[in-house]
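Chemist: output the structure for:
(4 chains)
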There are 4 protein chains.
Amino acid sequence: MSDETWLRTSIGGSTADAITIRGRDLATELMGQVSFTELAFLLVGGRVPTPAQTRLLDAVLVSLADHGLTPTVLAARLTYTGAPESLQGAVAAGLLGAGSVFLGVVEDTAAFLCELGERTDGSEAALRRAAEEGVRARIADGRRVPGLGHPVHKLEDPRTPRIYAIAEEDGTLGVNMRLLRAVAAAHADATGKPLPVNGAGVAGAALADLGFPPAIVRGFALLARTAGLVAHLAEEQASPLGMALYREVDRRASP
Amino acid sequence: MSDETWLRTSIGGSTADAITIRGRDLATELMGQVSFTELAFLLVGGRVPTPAQTRLLDAVLVSLADHGLTPTVLAARLTYTGAPESLQGAVAAGLLGAGSVFLGVVEDTAAFLCELGERTDGSEAALRRAAEEGVRARIADGRRVPGLGHPVHKLEDPRTPRIYAIAEEDGTLGVNMRLLRAVAAAHADATGKPLPVNGAGVAGAALADLGFPPAIVRGFALLARTAGLVAHLAEEQASPLGMALYREVDRRASP
Amino acid sequence: MSDETWLRTSIGGSTADAITIRGRDLATELMGQVSFTELAFLLVGGRVPTPAQTRLLDAVLVSLADHGLTPTVLAARLTYTGAPESLQGAVAAGLLGAGSVFLGVVEDTAAFLCELGERTDGSEAALRRAAEEGVRARIADGRRVPGLGHPVHKLEDPRTPRIYAIAEEDGTLGVNMRLLRAVAAAHADATGKPLPVNGAGVAGAALADLGFPPAIVRGFALLARTAGLVAHLAEEQASPLGMALYREVDRRASP
Amino acid sequence: MSDETWLRTSIGGSTADAITIRGRDLATELMGQVSFTELAFLLVGGRVPTPAQTRLLDAVLVSLADHGLTPTVLAARLTYTGAPESLQGAVAAGLLGAGSVFLGVVEDTAAFLCELGERTDGSEAALRRAAEEGVRARIADGRRVPGLGHPVHKLEDPRTPRIYAIAEEDGTLGVNMRLLRAVAAAHADATGKPLPVNGAGVAGAALADLGFPPAIVRGFALLARTAGLVAHLAEEQASPLGMALYREVDRRASP
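Modeler: Predicted coordinates for the structure are as follows:
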């Protein structure tokens, strides 16, 4: 195999003296200079974000990190109960439930908006038209409009106005976030039933506005959740609930 | 079960109007106010770090995020090859290899140092004595001293002096990082073969100095690696190598 | 929660004296009496299979267990390289790649056939008509017909005629396997390009004929693969290739 | 790299016409000829077992497959709740909890017995002496003797006498199973507190007697559990409990 360009990575590498990430020297150019959020942006996106982009990405990651004793957190804690020697196994088990039902919305919303956005020139009128068409097509197909509605936050997801406010303050409000607002309005018009933009939806829109392709935005949600999972496993080490939960389930399940 | 205190979490929760993390309102007190690194510290440690502590944690996370096409990255990319519909599965597969051989050093070093540190009053002489005893005991048992030596960075791991410099600049150099330096010196004295403190070892010492119990420090290494894995999966989406790697292995393995 | 029927399982349970699976006493009625394949059928399907059904299920499991150094096997072995203390983590990593690209065909074929089969009375003519309609609809939509074609076994997948022969010998040839044969013929007619029924496709058809819903048939493929993964990890323990593979990739990837 | 023997597998491979496992043609020599249990033995052990060995391995696999709503089953079902599109992710999550606390006993017992057995000539007196020494050493070190005691089956684990009876009937009772019986007797003598041999312990002894190295025996436990997990996921598809369990936990956890 003479042509070996297929076995390359442009993310990073190391020699005896140096470690490089995206062409920057890890020790002298990145450590102590950039935050972990900036590094994550650089790793995935290939460029260092502006301070405003970093603040938006930080807000998105902060918004997605934890939601209490969710199914994925319970899976991680129950896995730790059986395999405390393998913290990585418990974190992995927790991430495996971050699929279509919960975190998939981040990706679905980004994909929906990016597809709609391609047809517009970015003007307010064009966004409104694209949103109306997109919503109408979804309703006609009997498919849900992604990013709207939440089982707990029925009137308003508290994360949504906050992300919009941050983006507006810092000038990072982009086409996808604007379009999502238009989608919510178009959906309310079409159905007569207003649904709030949910936190996963606005996160997907913000990540798309930061320039990430829809297919990878779920990765940032996984990164955020990892922090929450590690916290729950630290709590499980200090005050375990996995074994007691199992015992109660087992007792109640036995006829 | 009248006493339900076992089924509690002090990490976070939500109501129809609000999401709370560690007693702080997510939307108004955390989003846009704290970085993701500060949030991770708060989630796991229960308190907001000082700016100097944040800078040290950022440096540690940045130092551990990526090392090129490692076995764990290859596992993640090959998993994506077979199951591109499940980004979380590929990230999970990548984390599962972050065990005793690679990232275990972070935890082993923190545990070793914390145990030694308990016997000292923190004075330089006491640390030196504890390090000498600890190293001697390990050598007598035929066990490795954790945190020393690196297969690639044989003379010096470039991350190590950088983490020490950051901690010294900011006044976050603690007992565990000082002790690790004494351990390296004691090991060189005892064996006549100086080994550099490696990046995983200094990360373990720094995380212990930030107040995290040894049993959970590997969690921060997993968090750091998640960012690297997401970056490699973004690259795998754009320029895949998994299938070509399989094909070459399969061809060469067939007699 | 007075009505607790939601927290029940009809699969199994245990008391101080006995363990029960699907209403049978594990020690006296199952161990030494039924094979693991019969038990798997009982666990998933709720009934003990006939000898002919067992032979078909055995043949399907045997056919799917191993295919050499596939991407999923490589992921498992590379995961073991980093975390040899966690055999379960390496097996899990191997299973995570058993998604849409490789094993998904088992499920896709079963789902496709079950949907087509519902419209027929089981007569040969009706199956042929259903197959022709199903193939035509797929081609019109630009979607692949599942279960046909194989990157390596271009003319014939050696597993396919064998599964058919076993089912015919034993009288377990059912509607789905017959329909799959009709689908292959209809596809050849419609495209002029005959494609062989592949091993995953015929496995899906056979599992559907054994009475399993399409949504769970992939589970049998995962069970089969687990045996192959354990074998590869036993070989990795005795003659490891993970670290050498990584070193070669790393060397070639460094510019 | 001229010497490529490192990139070989002796497990299996395929060409355009044939698939081979351990040197046997999959279609003509294995499918329809051997059971899945025999294939698993062949894959891992490299040889086809005798009928008596197959019956013992079947009994071991059957004994380990399911134990109701255990922590690992709950983790799998809760993972499915969030990611129903990825059956492999739910199975993987379930396997990840099969660690030191539950299934580790299989491996620990096999390792303990194999180490003790090396010092004996296989005579009853020698086994008794080895057992006494092994138990005494464990007690002196304050370590548990593996394979004894069970939280639910306090007097007798119903699987244990059954496995012994099967091995005695078929002439497959080997040194490790005999030694485990001596270990239980020596432990009762030394402590005055008789503990039953548990099902995981006898499984470990039987797998060691079948010739498998201790480091891989947990793999058979994982194989057995995979069947149980697939059954629970089939039940979760038909009558889900994951979401209701989460809702109840969330409600009770909220202060």
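Chemist: which strands or helices does whatever helix or strand A:Ala167 lives in pack on?
Modeler: When elements are assigned from DSSP states H and E, A:Ala167 belongs to helix A:159-170. Identification of packing neighbours for helix A:159-170 by 3 or more CB pairs under 8 Å, 6 or more residues apart in numbering or on different chains; DSSP states H and E yields helix A:51-64, helix A:175-191, helix A:199-209. C-beta here means a position set from N, CA and C on the backbone, and glycine is covered the same way.
Chemist: need those in a markdown table (columns: distance to C:Leu222).
Modeler: Converted to a markdown table, the helices and strands packed on helix A:159-170 look like this (distance: least, CB to CB, whole Å):
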| stretch | distance to C:Leu222 |
| --- | --- |
| helix A:51-64 | 30 |
| helix A:175-191 | 37 |
| helix A:199-209 | 29 |
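Chemist: tell me which of the ones you listed sits most buried.
Modeler: Of the helices and strands packed on helix A:159-170, the one with the most neighbours on average (mean count of other CB atoms under 10 Å in any protein chain shown) is helix A:199-209, at a mean of 29.
Chemist: for the helix or strand following it, list every residue counted as buried.
Modeler: Once the chain leaves helix A:199-209, the next helix or strand it forms, by DSSP H and E, is helix A:214-238. With burial defined by 16 or more other CB atoms under 10 Å in any protein chain shown, the residues of helix A:214-238 counted as buried are A:214-236.
Chemist: can you confirm whether helix A:214-238 lies near chain C?
Modeler: No: on the criterion CB under 8 Å from any CB of the partner chain, helix A:214-238 is out of touch with chain C, staying 13.6 Å away.
Chemist: that helix - what's its average pLDDT?
Modeler: Averaged across helix A:214-238, pLDDT comes to 98.
Chemist: how far away from the center of its chain is that helix?
Modeler: On the basis of CA atoms, centre = their mean, to the nearest Å, helix A:214-238 sits 10 Å off its chain's mean C-alpha point.
Chemist: need the contact list for the nearest residue to A:Thr191 once chain neighbours are set aside.
Modeler: For A:Thr191, ignoring the flanking residues on the chain, the nearest one in space by CB to CB, 6 or more residues apart in numbering or on different chains is A:Ile139 at 7.4 Å. When contacts are counted by CB atoms under 8 Å, 6 or more residues apart in numbering or on different chains, A:Ile139 touches A:Val145, A:Ala190, A:Thr191.
Chemist: elements contacting the lowest-mean-pLDDT helix or strand in chain A?
Modeler: Lowest on mean pLDDT, DSSP states H and E among the helices and strands of chain A sits strand A:12-14, with a mean of 90. If you count contacts as 3+ CB pairs under 8 Å, 6+ apart, strand A:12-14 packs onto strand A:19-21.
Chemist: touching chain C at all, whichever helix or strand comes after the strand it packs on?
Modeler: Next helix or strand after strand A:19-21 toward the C-terminus (DSSP H and E): strand A:24-25. No: using CB under 8 Å from any CB, strand A:24-25 never reaches chain C; the gap is at least 15.5 Å.
Chemist: what's strand A:24-25 in contact with?
Modeler: A:Ala18, A:Ile19, A:Leu30, A:Leu42, B:Pro158.
Chemist: partners of it in the sheet?
Modeler: Listed by DSSP bridges, the sheet partners of strand A:24-25 and their directions read strand A:19-21 (antiparallel).
Chemist: state the mean pLDDT of the strand it pairs with.
Modeler: Averaging pLDDT along strand A:19-21 gives 96.
Chemist: distance between it and the chain's centre?
Modeler: Centroid separation for strand A:19-21 versus its chain: 26 Å, with CA atoms, centre = their mean.
Chemist: repeat for stretch A:145-155
Modeler: 16 Å.
Chemist: what residues does it touch?
Modeler: Contacts for stretch A:145-155 (CB under 8 Å, 6+ apart): A:105, A:108-109, A:111-113, A:134-135, A:138-139, A:157, A:180, A:183-184, A:187, A:195-202, A:204-205, B:14-17.
Chemist: gap between the two ends of that stretch?
Modeler: This stretch, stretch A:145-155, spans 17 Å end to end (CA to CA, to the nearest Å).
Chemist: name the residues of that stretch that are buried.
Modeler: For stretch A:145-155, a neighbour-count test (16+ other CB under 10 Å) marks A:Val145, A:Pro146, A:Gly147, A:Leu148, A:Gly149, A:His150, A:His153 as buried.
Chemist: among these, which one sits closest to chain C?
Modeler: Nearest to chain C, judged by CB to the nearest CB, of the buried residues of stretch A:145-155 is A:Pro146 at 20.6 Å.
Chemist: got phi/psi on that closest one?
Modeler: phi -70, psi 150 (degrees, to the nearest 10).
Chemist: pLDDT wise, what is it at?
Modeler: At A:Pro146, pLDDT is 96.
Chemist: again, but for A:Leu155
Modeler: A:Leu155 carries a pLDDT value of 88.
Chemist: could you do A:Ser2 as well?
Modeler: 43.
Chemist: re the thing from before, can I get the helices and strands packed on helix A:159-170 in TSV with mean pLDDT?
Modeler: Shown next, in TSV, are the helices and strands packed on helix A:159-170 (pLDDT from 0 to 100):
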stretch	mean pLDDT
helix A:51-64	98
helix A:175-191	97
helix A:199-209	98
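Chemist: looking at those helices, which is nearest to B:Arg77?
Modeler: Among the helices and strands packed on helix A:159-170, the nearest to B:Arg77 by CB to CB is helix A:199-209 (21.6 Å).
Chemist: what's the offset of that closest one from the middle of its chain?
Modeler: A distance of 7 Å separates the centroid of the chain from that of helix A:199-209, by CA atoms, centre = their mean.
Chemist: so which bits of chain A are right by chain D?
Modeler: Remark: the part of chain A in contact with chain D comprises A:68-72, A:74-76, A:78-86, A:89-90, A:92-93, A:96-103, A:242-243, A:245-246, A:249-250, A:253-254, using CB under 8 Å from any CB.
Chemist: now whichever residue of chain A sits closest to chain C. Nearest residue, chain neighbours left out?
Modeler: Proximity of chain A to chain C (CB to the nearest CB) peaks at A:Ser86, 4.5 Å away. Computed as CB to CB, 6+ apart, the closest residue to A:Ser86 that is not its neighbour in sequence is C:Ser86, at 4.5 Å.
Chemist: in terms of distance to C:Leu127, which of the contacts of A:Ile139 ranks first?
Modeler: Nearest to C:Leu127 among the contacts of A:Ile139: A:Val145, at 40.0 Å, using CB to CB.
Chemist: how near is A:Gly204 to A:Thr109?
Modeler: Applying CB to CB, to the nearest Å, the value for A:Gly204 to A:Thr109 is 4 Å.
Chemist: could you do A:Ile11 as well?
Modeler: Separation of A:Ile11 from A:Thr109 (CB to CB): 27 Å.
Chemist: between the two, who's got more neighbours?
Modeler: A:Thr109 (29 against 24; other CB atoms under 10 Å in any protein chain shown).
Chemist: and the more buried one, what pLDDT?
Modeler: pLDDT for A:Thr109: 98.
Chemist: quick one: it from A:Ala238, how far?
Modeler: Distance, A:Thr109 to A:Ala238, by CB to CB: 36 Å.
Chemist: same deal with A:Gly228?
Modeler: Going from A:Gly228 to A:Ala238 by CB to CB gives 16 Å.
Chemist: A:Val48 too?
Modeler: For A:Val48 relative to A:Ala238 (CB to CB), the value is 37 Å.
Chemist: for A:Glu29, same thing?
Modeler: 38 Å.
Chemist: give the contact list for the closest residue to A:Phe36 other than its chain neighbours.
Modeler: Nearest-residue entry for A:Phe36: B:Leu61, 4.0 Å, with adjacent residues in sequence omitted and distances by CB to CB, 6+ apart. By CB under 8 Å, 6+ apart, B:Leu61 lies in contact with A:Phe36, A:Leu39, B:Thr37, B:Phe220, B:Leu223, B:Ala224, B:Ala227.
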